[in-house]
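Visitor: Next comes the sequence, and after it the predicted model I'd like to discuss.
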Amino acid sequence: MNIEFPEISKRLLAAGGAALIALAALSACSAGEDTADGGDTGSDESTVEEAAEAGAEEEAATGDGTSPESPLPAGSEVQIGDWTISVSDVQLDATDAVMAENEFNTPPAEGNTFAMFTVDGTYNGAETGTLWLDATVGIWADGTFSESCTNVVPNDIINTAEVTAGATSSGATCAEIPADAESTLVYVEDIWSLDGTKYFIEIG
């Protein structure tokens with residue numbers, strides 16, 4: 001038996017189906033917006049983290065270098081007597097490299113290690129200068145000053161030659177420090193200065 005629906009009923013059924021389709025489309029759009037919003041939140045978090053890191057780097061670079069509590073940032077240049085000096089390639093545990101350089105090198109004391117680093121200088125004086133004779137460069141470790149060790153190291157600073165005004169000089173040296181040192185800095189001092197001023201530089 002066939003049942004005929006009145007024309008008004010057919011129109012109501014059609015309208016209801018259209019409404020259901022529209023509701024489903026609206027729900028899909030809302031889900032897409034939520035996903036997009038979630039992506040924006042992640043981007044905001046990354047921006048905050050980058051800003052915090054930039055702030056930390058700026059804070060670390062505010063020291064004047066005149067004490068261990070306010071060191072200059074790693075790679076800084078300092079003026080010592082007639083020299084402009086910087087320190088690079090700092091290795092706090094270079095014992096193996098030092099011992100391998102020369103068969104007559106002596107090992108560090110028990111509980112210590114050899115740090116090794118490169119000193120770069122530009123001579124600004126009117127006559128001549130020799131880097132390793134004019135500057136003391138070492139490692140400050142937990143309050144202790146450790147100057148150059150007596151061992152031979154690769155590209156040894158003691159082999160640097162006397163230079164004239166405007167010339168550069170570069171060489172490596174080592175220092176014996178406690179292996180468990182918690183705080184370490186590079187320090188630079190004019191050998192010929194009578195005021196004892198030292199400059200402290202962070203290790204990068």
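Guide: Good, I have the coordinates.
Visitor: Could you use CA atoms for every contact and neighbour count after this?
Guide: Fine.
Visitor: pLDDT on stretch 126-137, on average?
Guide: For stretch 126-137, mean pLDDT is 96.
Visitor: Provide the contact partners of it at residue level.
Guide: Residues external to stretch 126-137 that are found in contact with it (C-alpha atoms under 8 Å, 6 or more residues apart in numbering): 80-83, 119, 121, 123, 147-148, 157-158, 160-165, 169-170, 186-192.
Visitor: tell me, how many neighbours does Glu103 end up with?
Guide: Neighbours of Glu103 under the rule other C-alpha atoms under 10 Å: 9.
Visitor: With the one 10 residues further on instead?
Guide: Neighbour count of Thr113, defined by other C-alpha under 10 Å: 22.
Visitor: same deal with Thr144?
Guide: 12.
Visitor: among the contacts of stretch 126-137, which ones are buried?
Guide: Using 16 or more other C-alpha atoms under 10 Å as the burial test, these include 80-83, 119, 121, 123, 147-148, 157-158, 160, 163-164, 169-170, 186-191 as buried.
Visitor: Can you pull the domain assignment for the protein?
Guide: The chain breaks down into these domains under automatic domain parsing: 1-60, 78-201.
Visitor: hey, least reliable of those by pLDDT?
Guide: Set side by side, the domains of the chain give their lowest mean pLDDT on domain 1-60, at a mean of 44.
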